[in-house]
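Student: Pasting a predicted model and its sequence here:
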Amino acid sequence: MTTASTGEATDSSIRLYPNPAHKFIKITANNPIKSVSITEMHGRMISQTQFTGISNEQRVELAQLVSGIYFVTVKSDVGEKVEKLIVH
């Protein structure tokens with residue numbers, strides 16, 4: 001998995017699986033997850049979900065995505081993490 005720095009604090013506790021994925025991904029972190037955004041390779045935002053609860057685990061459905069490579073940005077109370085996601 002590839003991660004990228006965005007200039008903001010990085011939350012290294014954030015985990016995304018399975019990767020490669022088919023129908024969904026699960027995201028876990030040590031801190032509450034605030035939002036998840038999915039961007040395609042050319043930078044176009046595909047989806048963005050805001051979470052209002054205090055959950056450290058979220059499930060994100062991928063049914064709307066075609067096979068390819070995407071970037072998932074996960075924001076928590078501590079910072080954010082960007083990971084490359086492969087969808088089959």
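Tutor: That came through fine.
Student: Skip the chain neighbours and tell me the closest residue to residue 27.
Tutor: Spatial nearest neighbour of residue 27, chain neighbours left out: residue 58 (4.9 Å); criterion: CB to CB, 6 or more residues apart in numbering. All C-beta atoms are positioned from the backbone trio N, CA, C, and that covers glycine.
Student: so where is this structure shaky, pLDDT-wise?
Tutor: Within the chain, the stretches with pLDDT under 70 are 1-8.
Student: which residues in it form strands?
Tutor: 3-4, 15-17, 24-28, 33-40, 45-50, 57-61, 68-76, 80-87 (DSSP state E).
Student: I'd like to know which elements the last one is packed against.
Tutor: Right, the one you point to is strand 80-87. strand 3-4, strand 68-76 (3 or more CB pairs under 8 Å, 6 or more residues apart in numbering; DSSP states H and E).
Student: winner for burial among those?
Tutor: strand 68-76 (a mean of 19; mean count of other CB atoms under 10 Å).
Student: what angle sits between that one and strand 33-40?
Tutor: 160 degrees (axes from the mean of the first three to the mean of the last three CA atoms, to 10 degrees).
Student: Just the CA coordinates for strand 68-76, please, in CSV.
Tutor: Taking Å, rounded to 0.1, in the frame of the first residue of the first chain, the C-alpha atoms of strand 68-76 are listed here in CSV:
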residue,chain,number,x,y,z
GLY,A,68,-9.4,0.7,-11.3
ILE,A,69,-7.0,2.6,-9.0
TYR,A,70,-8.3,5.2,-6.5
PHE,A,71,-7.0,7.2,-3.6
VAL,A,72,-8.9,7.1,-0.3
THR,A,73,-8.5,10.0,2.1
VAL,A,74,-9.5,9.2,5.7
LYS,A,75,-9.7,12.0,8.2
SER,A,76,-9.7,11.5,12.0
